[in-house]
Each structure stands twice: as C-alpha cells, then as structure tokens.
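The following block contains a protein sequence and its predicted model.
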Amino acid sequence: MNPILPLKAGKIILFKFNSNGTLTKTAANVAMNNGTVASIERGRSIETKELPDGNSQYPMTVRDLKVNDTLKVNMSSFQPALYAMLSGEEIAEETDVTMSLVEVEETIDETDFTVVLNPAYDGEGMLLVAGVDSTPFAKVTETPATGEFSVSADTLTFNSTDAGKGILIAYDYTAAEATSSALPETIKRPALHAIISSEVTDEPDEQNIYRSNTIIDRCKSVGELKPPDKKPDTDGWSYTLQVLKPRGGQAPVKTLIDKAIIA
C-alpha cells in the first residue's frame, strides 16, 4: 500500500498474563477505560559491537547485540487502575473505609455556635480543631468553655465567646465505597500484553482512512512511573513500556493495517 500518515494517537489496552504464562483476554486480566491518550511514541535502539579488521580502516562487521524497543504513552488523564497494573500495586473495591479530611476551613456560627461536618465525623477516629493562629481547641464531653468544643453526630458545638471565629478541622469519616490501591513492600511489575488501536491515512492525497493495530506480545513498565502533580493546573503523565522476549512463535511487535477503507 501507499506510505501512511497517522491520524490519531490511538487507544491502548493492556492484559496481564495468567500465572502459567498463558494469555486470556478477559475482564479479570484487563486494564480498560485507561483515560485520554495525548500521544504514543515508539522508540528503537540497537546495541552493537564492532569486530575490527586489522587490514582495513573499516570494521569487519558490526554485530547486533541487543534491541531496545520501547513505547512511551503520554496521557492527559489519570486512571488509578491502569497505574496499579503498571506498578504492580494491588487494587480493590472496599466498603465502609475510614478516610480523612485535613484542614477543613470553617467559621463558628454566630447564632448557635456550631459547625456541621459534611461528611459526618465517624465518632471514633481523629478529630482535631485549631484556630487560624494554630491554637488548638480542646475536645470536651461537657458544655464547652472558651477554647473548647464538644461533638455530637455531625455537629461541633463551641462556647459563645468563640462565635464567628475561623477554625481548621481535621477528622476521620467513613466512606461507604472506596477504591484502594496498595503498593507492596516488594515491587514486582508484571509482564503485559498490549494492543494499540488507531487510524491512519495514505499519501499522497490523504483521502483514505484505514484501521491499524500495533500488538506488543510481552512488555513491561520501565523507568519513571510518576502520577500527575496534585495542583489545579495539572499536567499529564506518561509511562514507558519496554518490549520483552515474546512467547514462542509470536512476534515481539506486530503492526496490522486493515486494507478496508473506512472513510
């Protein structure tokens, strides 16, 4: 076919191998809904060794020793499940999980001297209150005096002399449902099977559009694996997959272009 030009970054799907090394493309082994791909960069370098010829200024030959094929996927959005698969973390869906809110800014009501917590305090865990000058308020079970507070369900009650003051609150609450990912003490990133689905067009007129696949039989996340910074104007993030020795009879990297014109 004619030379081609990429039209889209493409979308990537990753599968974990079974414990016996076989591959089954099932929901239990897959990372889908991986977020928005900004671009996918494919790289290749070959480590070589020259064998000299003592009778010539040129080497007798150049031996190819090692091929480094990589795929760098640049993401605009972050998917915790994808990150967990790449990094070897354990991810789970949990219920009734203790979570924390830190430095919640509130103002003590000037009428009833209360602050209502939303979500509600869990009644057992951390509950800390301080003024904006960092002076702590003491938790009491009786009627609070100046600089003290009591708690009942989701309501903190203060003394009338503290009405209108700004405070900072840190406390524990219960999340009915939560997704958890836990990094194990011993890092073990798994080998993965990757498929990229995209579209290309052909030169010179760019009138025809075709579907394309890039299939990496076995690969593994390597190098820096850094989530996006926690800031309002967040940037994207990226991960790099290094191609590994394929399974018997499989190509390390295979590219397919469907000759059927889709547009």
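Noted; the coordinates are in hand.

Low-confidence stretches in the protein?
1 (pLDDT under 70).

run the last query once more with 50
The model of the chain has no residue with pLDDT under 50.

domains of it?
Using automatic domain parsing, the domain parsing of the chain gives 4-89+183-257, 100-179.

ok now the last one, how far from the chain's centre?
In terms of C-alpha atoms, centre = their mean, to the nearest Å, the gap separating the centre of domain 100-179 from the centre of its chain is 34 Å.

What's the end-to-end length of that domain?
15 Å (C-alpha to C-alpha, to the nearest Å).

follow-up on the earlier one: what would the domains of the chain look like in CSV with distance to A263 and mean neighbour count?
The C-beta positions use only the backbone N, C-alpha and C, and glycine is treated the same way. What follows is these, written out as CSV (distance: least, C-beta to C-beta, whole Å; neighbours: other C-beta atoms under 10 Å):
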stretch, distance to A263, mean neighbour count
domain 4-89+183-257, 4, 14
domain 100-179, 38, 14
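
what kind of secondary structure is the closest residue to K72 other than its chain neighbours in?
Distance criterion C-beta to C-beta, 6 or more residues apart in numbering; nearest residue to K72, sequence neighbours excluded, is E41 at 4.3 Å. Following DSSP: H, G, I helix; E, B strand; the rest coil, we place E41 in the strand state.

can you give me the strands in the stretch 101-250 of the chain?
Secondary structure of the stretch 101-250 of the chain (DSSP state E, counting those that start in this stretch): strands at 114-116, 127-131, 136-139, 148-152, 155-158, 166-182, 192-202, 209-222, 237-243.

Against which helices or strands is the third one packed?
If I follow you right, that is strand 136-139. Applying 3 or more C-beta pairs under 8 Å, 6 or more residues apart in numbering; DSSP states H and E, we find strand 136-139 packed against strand 127-131, strand 148-152.

same question, the shortest one
If you count contacts as 3+ C-beta pairs under 8 Å, 6+ apart, strand 114-116 packs onto strand 155-158.

what's the strand it packs on packed up against?
Here strand 155-158 is seen to pack against strand 114-116, strand 148-152 when contacts are counted using 3+ C-beta pairs under 8 Å, 6+ apart.

Let's have those strands in TSV, adding distance to E142.
Shown next, in TSV, are the helices and strands packed on strand 155-158 (distance: least, C-beta to C-beta, whole Å):
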stretch	distance to E142
strand 114-116	16
strand 148-152	7
